[in-house]
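Engineer: the following block contains a protein sequence and its predicted model.
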Amino acid sequence: MSGLRVLAVDDERNALEDLAWMLDASELVADVDTAASGNEAMQKVGTTAYDAIFLDVRMPGLDGLGLARVLRRFARPPALVFVTAYESAAVEAFALRAADYLMKPIARARLEEALRRVAEPATAPAETAQPAAASDDDPDVVPVDNIRGGGTRLVPRSSILYLQAHGDYVRLVTDDGRFLLRGRLADVERRWEPFGFVRVHRGYIANLKRAVEVRPMFNGTAVLVFADGSTVPIARRQVAELRRWLHR
């Protein structure tokens with residue numbers, strides 16, 4: 001591909017210049033425009049087709065979330081990546097189907113990751129480029145804390161292999177890494193069961209759609225095996241039920 005055309009939006013001049021410089025330095029980006037407010041961004045979007053908009057959440061006047069709501073009404077909306085110092089808007093951001101949510105100060109690796117998330121759908125066939133429709137009550141994208149890089153990450157639920165109790169959090173193990181979700185395992189169990197997530201052990205919930213084998217162990221217990229080789233324990237009372245589920 002020839003490269004992404006990107007608009008960076010932030011009312012803080014230094015932050016905007018830094019973001020534009022980092023975007024311009026990426027090999028995935030062909031052109032970078034800037035806007036110092038939501039209103040200025042709307043003017044530029046009216047005359048230029050952007051592949052992605054990297055926007056701050058809190059701005060005077062038309063803020064990032066308000067701008068995003070307007071852009072989502074476009075027939076072909078640009079990908080949205082929020083860049084902010086606040087985690088509080090993460091839930092609304094993924095409800096607006098944001099491609100990513102970056103926390104300031106931005107690490108170059110996270111910025112590149114967000115650009116790849118934008119670039120990959122741009123090269124996919126039209127029928128697969130649109131994200132799946134999300135439920136208003138329980139969207140298909142989950143806002144989580146990034147254990148390694150910090151900040152908030154938007155994780156597709158289908159990418160999650162299993163969840164593990166982790167104190168006041170739930171640890172998510174996904175195709176792309178490990179993340180933390182605030183809450184209790186019991187809360188996730190009730191809400192995610194319709195999506196194929198089942199409590200297999202006191203401390204684990206597994207995405208059975210991603211499991212490949214129930215491997216027997218000693219004393220009637222077993223482990224659930226995933227395609228990448230990772231495993232989670234299965235309580236003795238769950239072994240027979242899970243075998244039936246995997247073979248239906």
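Structural biologist: All right, it came through fine. This is a predicted model, so every value here is computed, not measured.
Engineer: leaving out chain neighbours, which residue sits closest to Leu67?
Structural biologist: Gly38 (4.3 Å; C-beta to C-beta, 6 or more residues apart in numbering). Backbone N, C-alpha and C define where each C-beta goes, glycine included.
Engineer: can you pull the pLDDT of the one you found?
Structural biologist: pLDDT for Gly38: 89.
Engineer: isn't it up against Arg69?
Structural biologist: No - here Gly38 lies out of contact with Arg69, judged by C-beta atoms under 8 Å, at a distance of 10.6 Å.
Engineer: comparing these two, which residue is more hemmed in?
Structural biologist: Gly38 (22 against 13; other C-beta atoms under 10 Å).
Engineer: quick one, what contacts the more buried one?
Structural biologist: Neighbouring residues of Gly38 by C-beta atoms under 8 Å, 6 or more residues apart in numbering: Val9, Leu55, Met59, Gly61, Leu62, Asp63, Gly64, Gly66, Leu67.
Engineer: how close does it get to Val212?
Structural biologist: 47 Å (C-beta to C-beta, to the nearest Å).
Engineer: same question for Thr174.
Structural biologist: 16 Å.
Engineer: any idea of the mean pLDDT for the helix with the most length in the chain?
Structural biologist: The helix spanning the most residues in the chain, taking DSSP state H as the definition, is helix 108-122. Averaging pLDDT along helix 108-122 yields 85.
Engineer: pull out the buried positions in it.
Structural biologist: Arg110, Leu111, Ala114, Leu115, Arg117, Val118, Ala119 (16 or more other C-beta atoms under 10 Å).
Engineer: low-confidence stretches in the protein?
Structural biologist: 1-2, 87-94, 121-140, 145-152, 243-248 (pLDDT under 70).
Engineer: which residues touch stretch 214-227?
Structural biologist: 161-162, 200, 206, 210-213, 231-236, 239, 242-243, 246.
Engineer: show the contacting residues for Thr48.
Structural biologist: Arg5, Leu7, Asp33.
Engineer: now with 7 Å, please.
Structural biologist: Asp33 (C-beta atoms under 7 Å, 6 or more residues apart in numbering).
Engineer: and it, helix, strand or coil?
Structural biologist: coil (DSSP: H, G, I helix; E, B strand; the rest coil).
Engineer: same question for Arg58.
Structural biologist: Under three-state DSSP, Arg58 falls in the coil class.
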